[in-house]
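S.K.: Just to be clear, the model below is a prediction. Sequence and coordinates:
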Amino acid sequence: MSTPPATTSVYQRVLGDEFTSLAPELRTYFSLPEAGTVGRGEGVYEVAGSRKRWLRPVFSYLASRHILFPEFGRDVPFTVTNVPGPGDGLSSGREFIFPGQTRLVEDTMHVVNGRLHDFIGRARALEVRFALRVRDGGLVMVSDASWLHLGPLRLPLPALFSARVVLNEWWDGDEQRVSVHLHNPLLGDIFEYVGRFTYRYE
C-alpha cells in the first residue's frame, strides 16, 4: 500500500509549534508546496566543496553516487529544485555549476518516529538523522546519527567513519542564506558550502 500524500511539510511535522518562530520568508520556503507545484531556487555559493585535496578520490566516488563532489570553488552558481514526495517526503536536487562540470546532489527527507531523516544520493543509500531547532528566526539542523543501506541491510556508521553535518538557513535583508559544514572527528572540517539564493514556486 502506498503512503498517502502529506498535508504538511516534513519541517512542519518535526518542528511543531516552533515552526511559527521561523522568519515569514522561511515559513514559506519550509512549508509544503501547493499541489502541482515545485520549488525552484537559484543563487551563488561563496565557497563550495572540500579544501582537502587528498580526499578527492573519496569525493569523486561520492560524486558518482550524487552525494558530494571533489571540486572546490568560489562564487559557484547553483540551482535547487524541491518536489513533494514520494509519499509524505520531500525530494531535492541541487546542481553545483563549476567551470566545465556540473555536479548533482540528490536527497529525500522523511519523518521517522518524529525525527527528520535525510536519504542522500542517487540510490538514497546514505541515511542521516537530524535534530532541528529555530534560532533567531532561522533554522538549525545538526546530524546525530547516520546509516548506510546495502541492499536489505541498514548499517550504522561509527562517528569516525562519518561526518557531523551542521546546516544553518536564515533570512538576511531580501535574500535567503544557507551554510552547510561537514566535520569528521579525526579529519576536522571536510566539506562546506555557504551562499545565498532566491526561491519561487512554479
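M.R.: In hand now; what should we look at?
S.K.: biggest helix in the protein by residues?
M.R.: helix 56-64 (DSSP state H).
S.K.: need the next SSE after that helix, C-terminal direction.
M.R.: Following helix 56-64 in sequence order, the next helix or strand is strand 72-84 (DSSP states H and E).
S.K.: which residues sit against that following strand?
M.R.: 5-6, 32-33, 38-51, 90-99, 193, 195, 197, 199 (C-beta atoms under 8 Å, 6 or more residues apart in numbering). C-beta coordinates here come from the backbone N, C-alpha and C atoms, glycine included.
S.K.: I would like a PyMOL command selecting only the buried ones among these, please.
M.R.: Restricted to buried positions by 16 or more other C-beta atoms under 10 Å, the PyMOL selection for those reads:
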select buried, resi 6+32+33+39+40+41+43+45+48+49+50+90+91+92+94+96+97+98+193+195+197+199
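S.K.: before we move on, the earlier item: buried ones in the longest helix of the chain, by neighbour count?
M.R.: Neighbour counts over helix 56-64 (16+ other C-beta under 10 Å) mark 56, 59, 62-63 as buried.
S.K.: and what of stretch 115-135?
M.R.: Of the residues in stretch 115-135, 116-121, 124, 126-128, 130, 132, 134 count as buried by neighbour count, 16+ other C-beta under 10 Å.
S.K.: So which residues of this protein form helices?
M.R.: So, for the chain - with DSSP H - the helices run 10-15, 24-30, 56-64.
S.K.: any idea of the mean pLDDT for stretch 152-163?
M.R.: Mean pLDDT, computed over stretch 152-163, is 93.
S.K.: If we go by neighbour counts, what in that stretch is buried?
M.R.: Buried, per 16+ other C-beta under 10 Å, within stretch 152-163: 162-163.
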